[in-house]
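Peer 1: this one's structure only:
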Ligand SMILES: Cc1ncc(COP(=O)(O)O)c(C=O)c1O
């Protein structure tokens, strides 16, 4: 079979693969605890459902403009004004099939072969592959202190004449770290000075804890929206718990938006008219959904941290946002893939190996599930790893007896 060199170099998304594996095991009746997931449990906002139902009932569901319907783009402009204190024009906005497509089409729109894109460790699994799909070169920058906060000095050491863009994801999947205002201000200024695209993946920007306030990169941008290389990505997946609706968007200068529009028009055309209606419904409807999700996640985070604290030798960054925690398990096993496989095989807990995010020795644990799942998941992990734990454990009515440690 003839498969392209490019395709052969792209692995499947580790997180999506694990989702499928968890589903398959559950179907077989296994009592799996999925701490690897990337979607909130709550239902989509009712305003999204009403808007989609009314569109569906019209039976008039056709192509829309490639960059999105007027209604959705208006809602996005209002969202940007409210959340970023920035007024953008329709020419600055393009809607895609999820923020994942927004990012991927953006890469294709700005990268020439061999252009470099700076990616900060720990990073979302898809960034390096998206860059490669656009024939670019991912340049991974890892904090020297082994932490989860990037420094401009370390980024600067990796920027050269081929650098086209830097991706910043704050709060970050997988660490949950929200970068400081000083860093955001500094990186906006740095990218303007170097004439590099700054891609802010803000998909989790509403899901932040401990009274933190959102940081608008536009506050520090000096270039106007028609010439700025600042690009902000967002979507309905996480904040509105609408992962399956597949609507994301990009705010960028009009030339970038036009280039993305051309690529989308030749590949996927517009996102679904029905799902755009749902996204507009979510954006213009009652917003209390986000706050209640945020509060639930903050509480879940606290419970997870409390449970993790009972494991000796674990180092954990307290997540400032998102629904992920990224503890360092290297005291137990330095090989995160082996550890993740071990936990799935022995105690049916799904975790994501840190190596997929560029940080070996860690595991990503999601706290977007129920408190019961979080507690039981950590209890099982603890049982599997703690030599002082009792020899037996029950999973449902199945008794497990330890044959290791
Ligand atoms: C950091 C980050 N960016 C983008 C996305 C993509 O979101 P969407 O569902 O809108 O494609 C995800 C989803 O997991 C993510 O974690």
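Peer 2: Now that the structure is in, tell me what you want to look at. All values reported here derive from a predicted model rather than from experimental measurement. Numbers count the residues shown, from 1 in each chain.

Peer 1: Could you tell me how many residues sit around the closest residue to the ligand within the chain?
Peer 2: Per Cβ to the nearest ligand atom, residue 98 is where the chain lies closest to the ligand, at 2.8 Å. (Each C-beta comes from the backbone N, C-alpha and C, glycine too.) Residue 98 has 22 neighbours, counted by other Cβ atoms under 10 Å.

Peer 1: So it is in contact with residue 234, correct?
Peer 2: No: judged on Cβ atoms under 8 Å, residue 98 makes no contact with residue 234 at a distance of 10.9 Å.

Peer 1: List the buried residues of the helix or strand of the chain with the lowest mean pLDDT.
Peer 2: Here the helix or strand of the chain ranked lowest by mean pLDDT, DSSP states H and E is helix 14-27, holding a mean of 81. Neighbour counts over helix 14-27 (16 or more other Cβ atoms under 10 Å) mark 14, 15, 18, 19, 22, 25 as buried.

Peer 1: Can you name the residues that contact the third one?
Peer 2: This means residue 18. Residue 18 makes contacts with 36, 350, 352, as judged by Cβ atoms under 8 Å, 6 or more residues apart in numbering.

Peer 1: Check which helices and strands the longest helix that the chain contains is in contact with.
Peer 2: Across the chain, the longest stretch assigned as helix under DSSP state H is helix 288-308. The contact analysis (3 or more Cβ pairs under 8 Å, 6 or more residues apart in numbering; DSSP states H and E) places helix 288-308 against strand 324-325, helix 371-385.

Peer 1: For the last one, name the packing helices and strands.
Peer 2: What it means is helix 371-385. strand 33-34, helix 288-308, helix 336-347, strand 349-350, strand 392-395.

Peer 1: Taking helix 288-308 as reference, get the angle to it.
Peer 2: Orientation check (axes from the mean of the first three to the mean of the last three Cα atoms, to 10 degrees): helix 371-385 against helix 288-308 gives 20 degrees.

Peer 1: re earlier: worst mean pLDDT among the helices and strands packed on helix 288-308?
Peer 2: For the helices and strands packed on helix 288-308, mean pLDDT drops lowest on helix 371-385, to a mean of 95.

Peer 1: Report the buried residues of it.
Peer 2: For helix 371-385, the neighbour count (16+ other Cβ under 10 Å) marks 373, 374, 376, 377, 378, 379, 380, 381, 382, 383, 384, 385 as buried.

Peer 1: which bits of this structure sit near the ligand?
Peer 2: With Cβ under 6 Å from any ligand atom as the criterion, the chain meets the ligand at residues 38, 98-100, 124, 169, 173, 201, 203, 235, 237, 243, 248.

Peer 1: Looking at the residues you listed, which two lie furthest apart in space?
Peer 2: 169 and 243 (16.8 Å; Cβ to Cβ).

Peer 1: These two: who's more crowded?
Peer 2: For residue 169 versus residue 243, neighbours defined as other Cβ under 10 Å are more numerous around residue 169 (26 against 16).

Peer 1: quick one, domains of the chain?
Peer 2: Listed domain ranges for the chain are 5-43+288-401, 46-284 (source: automatic domain parsing).

Peer 1: Quick one: distance of stretch 255-272 to the chain centre.
Peer 2: Distance of stretch 255-272 from the chain centroid (Cα atoms, centre = their mean, to the nearest Å) equals 22 Å.

Peer 1: burial of the closest residue to residue 392 other than its chain neighbours, as a residue count?
Peer 2: Leaving aside its sequence neighbours, residue 392 sits nearest to residue 401 (Cβ to Cβ, 6 or more residues apart in numbering; 5.3 Å). Counted with other Cβ under 10 Å, residues neighbouring residue 401 total 7.

Peer 1: which ones are touching the residue nearest to the spatial centre of the chain?
Peer 2: In the chain, the C-alpha nearest the mean C-alpha coordinate belongs to residue 173, at 5.0 Å (Cα atoms, centre = their mean). The contact partners of residue 173, by Cβ under 8 Å, 6+ apart, come to 38, 124, 203, 204, 322, 324.

Peer 1: got any ranges where the stretch 101-250 of the chain has weak pLDDT?
Peer 2: By pLDDT under 70, the stretch 101-250 of the chain has no low-scoring segment.

Peer 1: Can you identify each of the strands in it by residue range?
Peer 2: Assignment of strands within the stretch 101-250 of the chain using DSSP state E, counting those that start in this stretch yields the ranges 116-120, 137-141, 163-168, 197-201, 230-235, 248-251.

Peer 1: Run a quick neighbour tally on residue 270.
Peer 2: 20.

Peer 1: go on, residue 63?
Peer 2: Quick note: residue 63 (other Cβ under 10 Å) scores 9 neighbours.

Peer 1: repeat for residue 387
Peer 2: As a burial measure, residue 387 scores 8 neighbours (other Cβ under 10 Å).

Peer 1: Verify the stated contact: it with residue 404.
Peer 2: No: proximity of residue 387 to residue 404 does not meet the contact threshold set by Cβ under 8 Å, at 9.7 Å.

Peer 1: Could you pull out the helices in the chain for me?
Peer 2: 5-9, 14-27, 46-58, 70-84, 99-110, 126-133, 152-156, 181-194, 254-267, 273-284, 288-308, 336-347, 371-385.

Peer 1: quick one, which of those is nearest to residue 229?
Peer 2: Residue 229 sits nearest to helix 181-194 of all these, at 6.3 Å, using Cβ to Cβ.

Peer 1: Tell me how far residue 405 lies from residue 330.
Peer 2: From residue 405 over to residue 330 the distance is 17 Å, taken as Cβ to Cβ, to the nearest Å.
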